[in-house]
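Asker: Task: produce atomic coordinates for the following.
(chains A and B)
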Amino acid sequence: MMRVTLFGTRGSIPAPGPETIRYGGNTASVEVCGKDGTVLVLDAGTGIRRLGTHLATTTRVDVLLSHLHMDHIQGLGFFSPLFNSLIKVHVWGPASSVHTLEARLARYLSPPLFPVHLRDLPNVVCHEVPCAAFDIGPFRIRSSLICHPGPTVGYRIESEDGIVAYLCDHEPALGLPNGRWPSSDWISGYDIAMDADLLIHDAQYTDEEYARCIGWGHSTYRHAFEFAARVGAKRIVPFHHDPSHDDETLDRLLDHALAAFKCPCAVSPGREGTTFELGS
Amino acid sequence: MGHPIQIILARQLAGYLSVPVFLVDQTGNLLFYNEPAELILGQRFDETGAMPAEVWSTAFTPEDGSGHPIPPNELPLMITLAKQRPAHRCFFIRGLDGTVRQVEVSAIPIVGLQGDFVGAAALFWEVSQ
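Answerer: Numbers count the residues shown, from 1 in each chain, chains lettered A, B, ... in the order given. Predicted coordinates for the structure are as follows:
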């Protein structure tokens, strides 16, 4: 069985408070567990702090960063395995055209933003993506650059139990001519998300908000549902909620989207603490 | 297999420009040209669709100032594909509608973050008569 748990579903900046208690206020972090105990962590938003608290007995963790915007790395310094010499932490993420992944991460993991230097954490190993498909435990992982400002990847995690696609910050609808989707080979992220059993996808904006934020790298519920339909996903999890959207707003957005767009696949709200089980 | 994100974004950009743009993959296959380029090339992209390099490089009949055909390997886009560097030339095109137009063409390589050559774009500029 493949188990996927949402530890942070918020976009942009943490939004804790009584008004966001059901969907959660932590920024992006998702745990993917294999039946052999392999643990992958998708992104290192603030949700990774709590995620890390129950990994004390593992010996290896792989953190797969989609990109290095702050809401996807700000929890990394508080991920307890980083400071446990018995755990090897492999960090995967995109380099830029001029800086390595390690150099980019070190901008945050160094004073004055953080008291500890990344270079002083000997159990951390950095790997750059996108790269050829690679295997971690029972998982085969593919990465590909997707449409979002700055180097950003989507991840496809395959095992005998199913396929998880993670495109948390993604604007595949950018520049669609007259709102019409092109053929699949022209859709950002298509190969990553194709036939996914579980698609975790950006759904930050309302249609009205998107009109003011075109090119910022995010999607609406409608875009997310249409993308899910195009790639043939079996279940979509709208993700990366705007920090200004409280629980009631998110309930309403989801209800409206379900009624208006008739998503052909199953839809599960992206709520912190939710676990999905794939396979048997 | 989908196109690299750089090619997808290049097409999106081309779709928002009034400058004619011609987009090819790393082996020279024509992937897209925008509406302004349709005016120069004389046929809508929806009608021609994608084309191999050996087809498009002769289909639009490039000519020099004396009316002599320009060999494909001397066209800016073909130079960019072969050498993975920018190239520029002024020449004439007999479009698929039979009209001859003088154009300045600048071709640039599209190189990804990790130095991967994924294609090239050519920008056309019709020279006023």
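
Asker: Tell me where the model's unsure across the chain.
Answerer: Answering for chain A, as no chain was given. By pLDDT under 70, chain A has no low-scoring segment.

Asker: my bad, chain B
Answerer: Checking chain B against pLDDT under 70 turns up B:129.

Asker: Residues of it that sit close to chain A?
Answerer: For chain B, the residues in contact with chain A (CB under 8 Å from any CB of the partner chain) are B:1-6, B:8-9, B:11-13, B:15-16, B:112-114. Every C-beta, even on glycine, is put in place using the N, C-alpha and C of the backbone.

Asker: Apply 7 Å and report the result again.
Answerer: By CB under 7 Å from any CB of the partner chain, the residues of chain B that approach chain A are B:1-3, B:5, B:8-9, B:11-12, B:15-16, B:113.

Asker: how much space between residue A:230 and residue A:84?
Answerer: 42 Å (CB to CB, to the nearest Å).

Asker: can you tell me which of the residues of chain B next to chain A are in helices?
Answerer: Counting by DSSP state H, the residues of chain B next to chain A place B:5, B:8-9, B:11-12 in helices.

Asker: Rebuild those residues as TSV, extending it with neighbour count and distance to residue A:197.
Answerer: Shown next, in TSV, are those (neighbours: other CB atoms under 10 Å in any protein chain shown; distance: CB to CB, whole Å):
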residue	neighbour count	distance to residue A:197
B:5	23	24
B:8	25	25
B:9	17	29
B:11	21	30
B:12	17	29
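
Asker: quick one, helices of chain A?
Answerer: Taking DSSP H as the test, the helices found in chain A are A:47-52, A:101-108, A:190-193, A:207-212, A:221-231, A:247-261.

Asker: what do you get for chain B?
Answerer: B:5-14, B:35-41, B:45-48, B:53-59, B:76-83.

Asker: now the ones you listed in CSV, with distance to residue A:32?
Answerer: Output for these, formatted as CSV (distance: least, CB to CB, whole Å):
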stretch, distance to residue A:32
helix B:5-14, 24
helix B:35-41, 44
helix B:45-48, 41
helix B:53-59, 43
helix B:76-83, 41
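
Asker: out of the ones you listed, nearest to residue A:269?
Answerer: Counting by CB to CB, residue A:269 lies closest to helix B:5-14 out of those; the figure is 28.8 Å.

Asker: Packing partners of the closest one?
Answerer: Applying 3 or more CB pairs under 7 Å, 6 or more residues apart in numbering or on different chains; DSSP states H and E, we find helix B:5-14 packed against strand B:21-25, strand B:30-33, strand B:100-111, strand B:117-126.

Asker: From residue A:191, how far out is residue A:127?
Answerer: Distance of residue A:127 to residue A:191, computed by CB to CB: 20 Å.

Asker: Give me the number of neighbouring residues for residue B:69.
Answerer: Look at residue B:69: counted by other CB atoms under 10 Å in any protein chain shown, it has 12 neighbours.

Asker: Just give the nearest non-adjacent residue to it, would you?
Answerer: residue B:63 (5.9 Å; CB to CB, 6 or more residues apart in numbering or on different chains).

Asker: ok, back up a step: closest one to residue A:158 among the helices and strands packed on helix B:5-14?
Answerer: Nearest to residue A:158, of all those, is strand B:117-126, at 24.7 Å by CB to CB.

Asker: and the nearest residue to residue A:109 once chain neighbours are set aside, what does it touch?
Answerer: Setting aside the residues directly before and after it, residue A:109 is nearest to residue A:118 in space (CB to CB, 6+ apart), at 3.9 Å. Residue A:118 is in contact with A:102, A:105-106, A:109-110, A:124, counting by CB atoms under 7 Å, 6 or more residues apart in numbering or on different chains.

Asker: Please tell me how far residue A:118 sits from chain B.
Answerer: Per CB to the nearest CB, to the nearest Å, residue A:118 is found 21 Å from chain B.

Asker: ok, residue A:22 - contacts?
Answerer: Listed by CB under 7 Å, 6+ apart, the contact set of residue A:22 reads A:247, A:271.

Asker: if we look at the sheet, which residues does the residue nearest in space to the middle of chain B bridge to?
Answerer: Compute the mean C-alpha point of chain B, and by CA atoms, centre = their mean the closest residue is residue B:22, 3.5 Å away. Beta bridges link residue B:22 to residue B:33, residue B:122, judged by DSSP bridges.

Asker: cool, residue A:167 as well?
Answerer: Beta-bridge partners for residue A:167, by DSSP bridges, are residue A:201.

Asker: Count the residues that sit near it.
Answerer: 32.

Asker: That one reaches residue A:190, doesn't it?
Answerer: No. Counting by CB atoms under 7 Å, residue A:167 sits too far from residue A:190 to count as a contact (10.2 Å).

Asker: who touches residue B:52 in this structure?
Answerer: residue B:29.

Asker: Using PDB, write down the CA coordinates of stretch A:127-144.
Answerer: C-alpha atoms of stretch A:127-144 as PDB (Å, rounded to 0.1, in the frame of the first residue of the first chain):
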ATOM      1  CA  HIS A 127      20.500  16.200  -5.900                       C
ATOM      2  CA  GLU A 128      19.400  18.300  -8.800                       C
ATOM      3  CA  VAL A 129      16.200  17.800 -10.900                       C
ATOM      4  CA  PRO A 130      14.900  17.500 -13.500                       C
ATOM      5  CA  CYS A 131      17.000  14.500 -14.300                       C
ATOM      6  CA  ALA A 132      16.500  11.000 -15.600                       C
ATOM      7  CA  ALA A 133      14.000   8.900 -13.800                       C
ATOM      8  CA  PHE A 134      15.300   7.500 -10.500                       C
ATOM      9  CA  ASP A 135      14.300   4.900  -7.900                       C
ATOM     10  CA  ILE A 136      13.900   5.300  -4.200                       C
ATOM     11  CA  GLY A 137      12.700   2.200  -2.500                       C
ATOM     12  CA  PRO A 138       9.600   0.900  -4.300                       C
ATOM     13  CA  PHE A 139       9.100   4.300  -6.100                       C
ATOM     14  CA  ARG A 140      10.100   5.300  -9.500                       C
ATOM     15  CA  ILE A 141      10.300   9.100  -9.700                       C
ATOM     16  CA  ARG A 142      10.100  11.300 -12.700                       C
ATOM     17  CA  SER A 143      10.500  15.100 -12.700                       C
ATOM     18  CA  SER A 144       9.800  17.700 -15.300                       C
END
